[in-house]
Structure formats: C-alpha cells, structure tokens
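Q: okay, here's the prediction I keep looking at, along with the sequence it came from:
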Amino acid sequence: MARRARGRHRARRIAGRTVSGAGGQQPERVPVMKPWLGEEEARAAADAVLSGWVAQGPRVAEFERAFAARVGAAHAVAVSSCTTALHLALVALGVGPGDEVVVPSLSFIATANAVRYVGAQPVFADVEEATGNVTPQSVDAVRTPATKAVIAVHQGGVPADVHALRERCARWGVALVEDAACAIGSTVGGQPVGSGALVAAWSFHPRKVVTTGEGGMLTTDDEQWAQRLRRLREHGMNASAAQRHASSTPVLESYLEVGFNYRMTDIQAAVGLVQLGKLDVMIARRRALAERYGELLADVPGLVPVRDPAHGASNFQSYWVLPDPGFPVDRDALLAALAQAGISARRGIMAAHLEPAYAGHPHGPLPVTERISRDSLILPLFHTMTDEQQDRVVAVLREQAKR
Ligand SMILES: *Cc1c(COP(=O)(O)O)cnc(C)c1O
C-alpha cells in the first residue's frame, strides 16, 4: 500500500499533474495552504533589486507606515520574523531571569521559546475550547507574584478577547503582549486586531495570510517604545544605516545598548506592500470559504468547526474542526483518509508542553489544550481554492463520519 502510494506520488510529480498508475485520472492534490502571490509581487521585488537598495531602507519604511495604518496602530517596526518580534517585545519590557511570562502552550512553539530567549520562565495557561485562546480566568489560574507579562495569541486568526485581557492585566500590573502572527485583518469589537495593543507581534511566513517569504512586524501606539524597538532590531544603534546614508554630513553612530540584527530587507517589504494591498480581498475570500465549509459540514455529525467568537471576527488563517469524543475514527485516521484522497490537512495547533524541548518543564493541568492538540485538524483553505476542492474535502469527512 505504502509503496503504491509512493509510486503514485512519483508519477504525479513527473507528469506535473496527476495520473494514477492504476488507470483513471486522479484530481490534483489539494494543499493545506498556498500563498496568493503573482506577477505584481515579482515585479515589486525586481524593482527593489534594481534600485540598488536591498537591505532595510525606504520600502521597509513605507511598508511600516502602511501596516500601522491597516491595523490601527500609531507605529510599526519591521523585523525578520514574528519570533524575533516577540523576542524584542520581551527585551523592551525588561523581562528577564526570575520573571514569569504566562503563555498558552497551545501555540506555535515560538511563543514559548521567546520567553526562554530572555531567560524568563514560560508558564502555561489553558485555553477555551471554542476559540483556542487564553482567557482572563485561565491566566489568573496560573499567574504568581513573579508574573511580569502575558502573551495572548490570536490563535489561527481567531481573535482573543483582548478587551477583557487588557483590563485584567492592567489591574494586575502585568504587561500584555499580543502574538498576532496569524491575525492580520481579524477584528475585535469591530476594530482591527492590533488597535489599542500595548505591543503586538506579526508574522509574514507563507503559512500566514500576508507573506514576505520570511518577515515580521511589531506594532505599538507608544512613540518611545517604537524608537527603542527600532534601535534593538539594528544592533542598538542610535542612527539607522538608512538615516546615515541619507545624511549629507557624516553621522557617527553610537551603540547605546546590546541590540540584534533583526532587520527586514527592502525586497521583502516590496512584496509585503503588494500583499497588504490585497488583504481585504484575501480576507473576504477566506471568510467566504469558511462560511461555505460551515454550511457543508453542518450535516456531518460529530465535527465542530471553528467559528467567529461573540467578541470578534476571524480572518480564518486556520480553519480547524474538532471531532466529538464519540467520532467513529480518530484524528490521525482522518488525516490519513484525507491524504489518501490527495488532500493535505494538518494536525491541529501544537502544544509546546508535549514537545521534547519542554520535557520536564513544570506546568499545571492543561486539559483543553491537550484535547484540541490531540483531536483537532486543520483543513485546506487558501485564496484560490475552488468549490470542487472544498467539496472533495467535505466528502472524505462525511464518509469517515459514517464509519
Ligand atoms: C507562525 C507563528 C509564529 C512564528 O512566526 P515566524 O514569523 O515564523 O517567526 C509565532 N506565533 C504564532 C502564534 C505563530 O502562528
């Protein structure tokens, strides 16, 4: 069986499209995600290259302005990834050894790792089943006098209830960092995720909605913070390379603190500017596909699809379903059935505390995290997905529900 599947895969690669060895046509493989990139992004990248300025420069500055405006923040600081954005946010907050930072274990592992980078302890909070996000209650259950900050993740684009979290964190005297890696274009209370955030971190990895290949962003309303973050991403320098280049008189830079090289390139920013211009169209398409999934899955018993919470709207960066405990087959069997039908799905969001990197790391009970991580699966959803592809995904799930 395995050999036959491999053989088929090879045939498909060689032919460029699918032709099964057993005769008969197999439809094209459905990816779980595919960035929506085209000629316009390619031309923008080429223009940046031909301009001769390829490192952080005018296009990064323009991307920052456009991004800040789009997410409703006063300032945006471009960096090399969301992981480095989270690291800088914690450095700027002065989090260090002896401090605790409450994070969901149910997140991409970078959320917890950023806390380790500054020598602090990640403390895992459980999440609510409907959104996959931490709540004031789940944070309160694990915070201690050593808690210096909370990182709330807008999981898979589903907005966390940041209004409730901000209010509580302010009362506790604890900083709230928002990991908005997946959440560009999601909204909370009608406002874009990011607006009103002390500091939010964003990702432009191709698995997210807007991509620059690799890349990240920090947003904040605080001018002092923005300045510090700009300095930290560029070796702690008091004047950026772009500023020095633009000056007609020599600028002697000095290094005010130990910083990092976490810069974005102008080539990436050029692509990001084009992608940002397409964001509204991308979100509308993702939300339409999510709505159609919801309708198609409504009569598949035992599968609970992710949906908008009462407090906001998702960009559906990830569309996951959570099988009821009584569902006839388990998650891994569902993934296998989908793979057999030429469909790439993914296990649901990982749980950091279950990974070897966190073996032995102390934590309290995380029952909801473990249930979502063990049982949920992420279905394909991408801008150019067709109704026919979506029907194929649902047909497999419907078949499995009947077993
Ligand atoms: C993808 C992701 C990250 C890491 O983003 P990079 O840009 O790849 O570093 C961090 N947090 C969450 C929640 C993510 O989904």
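A: Received it, and whenever you're ready, just let me know what you need.
Q: what comes up buried for the biggest helix by length in the chain?
A: If you go by DSSP state H, the chain has its longest helix at helix 279-297. Within helix 279-297, the residues that count as buried by 16 or more other C-beta atoms under 10 Å are 279, 282-283, 285-287, 289-290, 292-293, 296-297. Yep, even glycine has a C-beta here, placed from its N, CA and C like the rest.
Q: with distance to the ligand and pLDDT added, can I get these in a markdown table?
A: Formatted as a markdown table, those follow (distance: C-beta to the nearest ligand atom, whole Å; pLDDT from 0 to 100):
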| residue | distance to the ligand | pLDDT |
| --- | --- | --- |
| 279 | 17 | 98 |
| 282 | 17 | 98 |
| 283 | 17 | 98 |
| 285 | 20 | 98 |
| 286 | 16 | 98 |
| 287 | 19 | 98 |
| 289 | 19 | 98 |
| 290 | 18 | 98 |
| 292 | 24 | 98 |
| 293 | 20 | 98 |
| 296 | 26 | 97 |
| 297 | 24 | 97 |
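Q: residue 251 and residue 243 touch, don't they?
A: Yes - between residue 251 and residue 243 there is a contact under C-beta atoms under 8 Å: 6.7 Å.
Q: which residues in the protein form strands?
A: All strands of the chain, identified by DSSP state E, fall at 75-79, 100-104, 121-125, 147-153, 175-179, 187-188, 191-192, 199-203, 216-220, 303-305, 312-313, 319-323, 346-347, 377-379.
Q: next one: the second one to chain centre, how far?
A: Yep, that's strand 100-104 we're talking about. For strand 100-104, the separation from the chain centroid amounts to 18 Å (computed by C-alpha atoms, centre = their mean, to the nearest Å).
Q: follow-up on the earlier one: can you lay out the strands of the chain as TSV showing distance to residue 339?
A: Converted to TSV, these look like this (distance: least, C-beta to C-beta, whole Å):
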stretch	distance to residue 339
strand 75-79	35
strand 100-104	28
strand 121-125	31
strand 147-153	28
strand 175-179	30
strand 187-188	34
strand 191-192	36
strand 199-203	26
strand 216-220	31
strand 303-305	18
strand 312-313	31
strand 319-323	16
strand 346-347	11
strand 377-379	11
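Q: what's the closest of those to the ligand?
A: Closest approach to the ligand among the strands of the chain (C-beta to the nearest ligand atom): strand 199-203, 3.3 Å.
Q: and that closest one, anywhere near the ligand?
A: Yes - using C-beta under 6 Å from any ligand atom, strand 199-203 comes into contact with the ligand via residue 203.
Q: which strands border that strand, and is each parallel or antiparallel?
A: Its sheet considered, strand 199-203 pairs with strand 175-179 (parallel), strand 216-220 (antiparallel) by DSSP bridges.
Q: single out the most deeply packed of those strands.
A: strand 216-220 (a mean of 29; mean count of other C-beta atoms under 10 Å).
Q: domain parsing for the chain?
A: Listed by automatic domain parsing, the domain ranges of the chain are 1-30, 39-277, 279-401.
Q: could you work out the end-to-end span of the last one for me?
A: Okay, so that is domain 279-401. Its first and final residues considered, domain 279-401 spans 35 Å by C-alpha to C-alpha, to the nearest Å.
Q: next up, the contacts around residue 71.
A: Applying C-beta atoms under 8 Å, 6 or more residues apart in numbering to residue 71 gives the contacts 180, 184, 192-195, 200, 202, 219.
Q: scratch that, residue 155
A: Here residue 155 is in contact with 104, 106-107, 127, 131-133, 182, 318, 349 (C-beta under 8 Å, 6+ apart).
Q: the ligand next: which of those residues are close?
A: Counting by C-beta under 6 Å from any ligand atom, 107, 182 from those sit close to the ligand.
Q: circling back to that earlier point, TSV please, covering the contacts of residue 71 and showing distance to residue 151.
A: Shown next, in TSV, are those (distance: C-beta to C-beta, whole Å):
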residue	distance to residue 151
180	11
184	17
192	19
193	14
194	15
195	18
200	10
202	13
219	15
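Q: show me what contacts the most far-flung residue of the chain relative to its centre?
A: Here the chain reaches farthest from its C-alpha mean at residue 249, the gap being 42.2 Å by C-alpha atoms, centre = their mean. With C-beta under 8 Å, 6+ apart as the criterion, no residue contacts residue 249.
Q: what separates it from residue 239, distance-wise?
A: For residue 249, the distance to residue 239 equals 12 Å [C-beta to C-beta, to the nearest Å].
Q: related to what we said a few turns ago, and the longest helix of the chain, how far out from the chain middle?
A: 18 Å.
Q: repeat that for stretch 226-242.
A: The answer for stretch 226-242 is 25 Å, by C-alpha atoms, centre = their mean.
Q: with stretch 64-83 instead?
A: Offset of stretch 64-83 from its chain centre (C-alpha atoms, centre = their mean): 15 Å.
Q: what is the neighbour count of the residue nearest to residue 140 when sequence neighbours are not counted?
A: Closest residue in space to residue 140, ignoring its immediate chain neighbours: residue 168 at 7.2 Å, by C-beta to C-beta, 6 or more residues apart in numbering. Residues within reach of residue 168, counting by other C-beta atoms under 10 Å, total 18.
Q: in the stretch 251-400 of the chain, what residue spans correspond to helices?
A: Here the stretch 251-400 of the chain has its helices, by DSSP state H, counting those that start in this stretch, at 266-277, 279-297, 331-340, 367-375, 387-401.
Q: could I get those helices as JSON lines with distance to residue 255?
A: Compiled in JSON lines, the helices of the stretch 251-400 of the chain are given as follows (distance: least, C-beta to C-beta, whole Å):
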{"stretch": "helix 266-277", "distance to residue 255": "23"}
{"stretch": "helix 279-297", "distance to residue 255": "37"}
{"stretch": "helix 331-340", "distance to residue 255": "50"}
{"stretch": "helix 367-375", "distance to residue 255": "41"}
{"stretch": "helix 387-401", "distance to residue 255": "52"}
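Q: for the contacts of residue 155, point out the one with the lowest pLDDT.
A: Least confident by pLDDT among those: that is residue 349, with 94.
Q: so that one sits against residue 377, correct?
A: No - with contact defined as C-beta under 8 Å, residue 349 does not count as touching residue 377 (10.3 Å).
Q: return every residue with contacts to both of those two.
A: Between them, residue 349 and residue 377 share these contacting residues under C-beta under 8 Å, 6+ apart: residue 320.
Q: show me what from this protein comes close to the ligand.
A: Residues of the chain found near the ligand (C-beta under 6 Å from any ligand atom) are 81-83, 107-108, 110-111, 153, 179, 181-182, 203, 205, 216.
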